[in-house]
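>>> build me a model from this:
(4 chains)
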Number of protein chains: 2
Amino acid sequence: MSYDYAAMIALADPTRRQVFELVAEQPRSVAELTRCLPVSQPAVSQHLKVLKDARLVHAEPRGASNIYHIDPHGLGEMRAWLDHIWGEALDAFRKEINDSREKER
Amino acid sequence: MSYDYAAMIALADPTRRQVFELVAEQPRSVAELTRCLPVSQPAVSQHLKVLKDARLVHAEPRGASNIYHIDPHGLGEMRAWLDHIWGEALDAFRKEINDSREKER
DNA sequence: GCTTATGATAAGCAATGTCTTATGATTATG
DNA sequence: CATAATCATAAGACATTGCTTATCATAAGC
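Alright, predicted model coming up:
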């Protein structure tokens, strides 16, 4: 189970989450995204770069615009990792319950 | 679907992930955790505070020690949120594929 | 009781991250 | 062809974060 945590780190920032949610809702250009957000256009571009590197979005050049689309890969990897950890955590939790039961006897 | 992202933010830090993994493996005291990690005891305590607030671990005082255990709540909430977003993302992705098919006609 | 071990908190510092303005490159528009 | 629009990148300001050392409170062991 190897995972580079890029998607999780990317989504840990609130502004970046907003950018991602907007793109997930529908494909949008940088200009459109900037109009929806309380930060400057360069800030939006910087966030998009992080999201793109984490494979949460991908860009489609369209004339002078750059349309950003959702990319399922980043979320998929994150989900696989989380499922794995979740399984381990539940096992550990059950084991603890058992151990504490045994002690009571 | 409301989620405060505390678990995700907590696990976005590499040291904090290590602390969490160690606790998930088996319950451990702060001193034990510090011996396993390349940072000072106060650093470990600070990370544990963040993990505890995110309901990823919980503390069990035992004499002068403080044994930290895994707490499934934080991961569970994060998992529920991620499943939700994952569903939305897949819907959006499928919709895009459809839209681009229609344009080709 | 005195010493030792444990762990939480405070204060300060260095590194990192997020934002801004400035700028240049590319494309559409009149 | 000149102007306007779009967007990425660079440079710098500012805030946040993760770490350290110092310290205090509590509990265990002699």
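>>> what's next to stretch A:15-24, contact-wise?
Under the contact criterion CB atoms under 8 Å, 6 or more residues apart in numbering or on different chains, stretch A:15-24 has outside partners A:10-11, A:28, A:33, A:36-37, A:39, A:43-44, A:47-48, A:50-51, A:56-57, A:68-70, B:5, B:85, B:88-89, B:92. (Each C-beta comes from the backbone N, C-alpha and C, glycine too.)
>>> filter the residues you listed down to the ones near DNA strand D?
Among those, the ones lying near DNA strand D by CB under 7 Å from any atom of the strand are A:44, A:48.
>>> need the buried ones from the contacts of stretch A:15-24 selected in PyMOL.
Burial among these is assessed by 16 or more other CB atoms under 10 Å in any protein chain shown; the matching PyMOL selection reads:
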select buried, (chain A and resi 10+11+28+33+37+44+47+48+50+51+56+57+68+69+70) or (chain B and resi 5+85+88+89+92)
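>>> restricted to helices, list the contacts of stretch A:15-24.
A:10-11, A:33, A:36, A:43-44, A:47-48, A:50-51, B:85, B:88-89, B:92 (DSSP state H).
>>> going by distance to B:Met1, which of those wins?
Using CB to CB, the shortest approach to B:Met1 within these belongs to B:Ile85, at 8.5 Å.
>>> for that closest one, which non-adjacent residue is closest in space?
A:Leu75 (6.6 Å; CB to CB, 6 or more residues apart in numbering or on different chains).
>>> same thing with A:Ile67?
A:Ile67's closest residue in space is A:Glu60 (CB to CB, 6+ apart), at 4.6 Å.
>>> okay, and the one you found sits in which element?
Per DSSP states H and E: A:Glu60 is located in strand A:57-62.
>>> which parts of that strand are buried?
A:57-59.
>>> and the residue nearest to A:Pro61 when sequence neighbours are not counted, what does it touch?
Closest residue in space to A:Pro61, ignoring its immediate chain neighbours: A:Ile67 at 7.8 Å, by CB to CB, 6+ apart. Contact analysis of A:Ile67 by CB under 8 Å, 6+ apart lists A:27-29, A:59-61.
>>> just curious, which of these is nearest to B:Ile97?
Among the contacts of A:Ile67, A:Pro27 lies closest to B:Ile97 (CB to CB), at 11.9 Å.
>>> what is the closest residue in space to the closest one that isn't next to it in sequence paired to in the beta sheet?
Nearest residue to A:Pro27 in three dimensions, chain neighbours excluded: A:His69, at 4.7 Å (CB to CB, 6+ apart). Taking DSSP bridges, one obtains A:His58 as the residues bridged to A:His69.
>>> widest-spaced pair of the contacts of A:Ile67?
By the measure CB to CB, A:Arg28 and A:Pro61 form the most distant pair in these, at 14.0 Å.
>>> tell me the one of the ones in helices among the contacts of stretch A:15-24 nearest DNA strand D?
Nearest to DNA strand D, judged by CB to the nearest atom of the strand, of those is A:Leu48 at 5.6 Å.
>>> pLDDT below threshold where in chain A?
For chain A, the stretches flagged by pLDDT under 70 are A:102-105.
>>> what parts of it come near DNA strand C?
Taking CB under 7 Å from any atom of the strand, the part of chain A that reaches DNA strand C is made up of A:12-13, A:15-16, A:38-40, A:42-43, A:46-47, A:50, A:63-64.
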